[in-house]
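Asker: Need coordinates for the following:
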Amino acid sequence: MIATMVYKLTKDASVEQLKEAGLGDHYASHDRALFYQNASGVPWTAAYIAAKGDPIADLYEDIAAEEKARATYQWLIDMTDDVDLQDSLKFLREREIVHSLRFREAVEILKSERDAQKIF
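Answerer: Here you go, the predicted structure:
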């Protein structure tokens, strides 16, 4: 969704406008293609996705990812005065909050099952 927003915001921009917006290096390497990278220009990679194989540990990793995304959306909201863009980002931010809450609920369920006395 973020890539679509970036595309919509830049699709009609001239090369000069892209340069003025700090996107000259991106344009030189990728034209207007959606090349996933962080704000510093480091390309996205799956190499740092963590998975332990323990459901509780993995859910905490998921919670952290959702909270990081929520914070990023908030910072993006703070950086723009485009109401339509803010509305879209607010939707995404709220979605991350809901995901985080659901993962937290799942952690509590797993903890209660783990700690329950097993009688066979």
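Asker: residue ranges of the strands in this structure, please?
Answerer: Taking DSSP state E, the chain contains no strands at all.
Asker: Excluding chain neighbours, give the residue nearest to the residue nearest the centre of it in space.
Answerer: Nearest to the mean C-alpha position of the chain, counting by Cα atoms, centre = their mean, stands Ala69 at 4.0 Å. Once flanking residues are discounted, Ala69 sits nearest to Glu96: 4.6 Å by Cβ to Cβ, 6 or more residues apart in numbering. Just so you know, the C-beta spots here come from the backbone N, C-alpha and C atoms, and that holds for glycine as well.
Asker: For that neighbour, give me its contacts.
Answerer: Counting by Cβ atoms under 8 Å, 6 or more residues apart in numbering, Glu96 touches 66-67, 69-70, 73.
Asker: could you redo the last one with a cut-off of 7 Å?
Answerer: Residues in contact with Glu96 (Cβ atoms under 7 Å, 6 or more residues apart in numbering) are 66, 69-70, 73.
Asker: Likewise for Asp58?
Answerer: Asp58 makes contact with 51-52 under the criterion Cβ under 7 Å, 6+ apart.
Asker: What count of nearby residues applies to Phe103?
Answerer: 19 (other Cβ atoms under 10 Å).
Asker: was I right about it contacting Ile63?
Answerer: Yes. The criterion here is Cβ atoms under 7 Å, and Phe103 meets it with Ile63 at 4.8 Å.
Asker: Mind splitting the chain into its structural domains?
Answerer: 1-48, 49-115 (automatic domain parsing).
Asker: Dump those to JSON lines, plus mean pLDDT.
Answerer: JSON lines is the format used below for the domains of the chain (pLDDT from 0 to 100):
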{"stretch": "domain 1-48", "mean pLDDT": "86"}
{"stretch": "domain 49-115", "mean pLDDT": "95"}
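Asker: Deepest in the core, which of these is it.
Answerer: domain 49-115 (a mean of 14; mean count of other Cβ atoms under 10 Å).
Asker: What separation is there between Ile56 and Leu101?
Answerer: According to Cβ to Cβ, to the nearest Å, Ile56 stands 16 Å off from Leu101.
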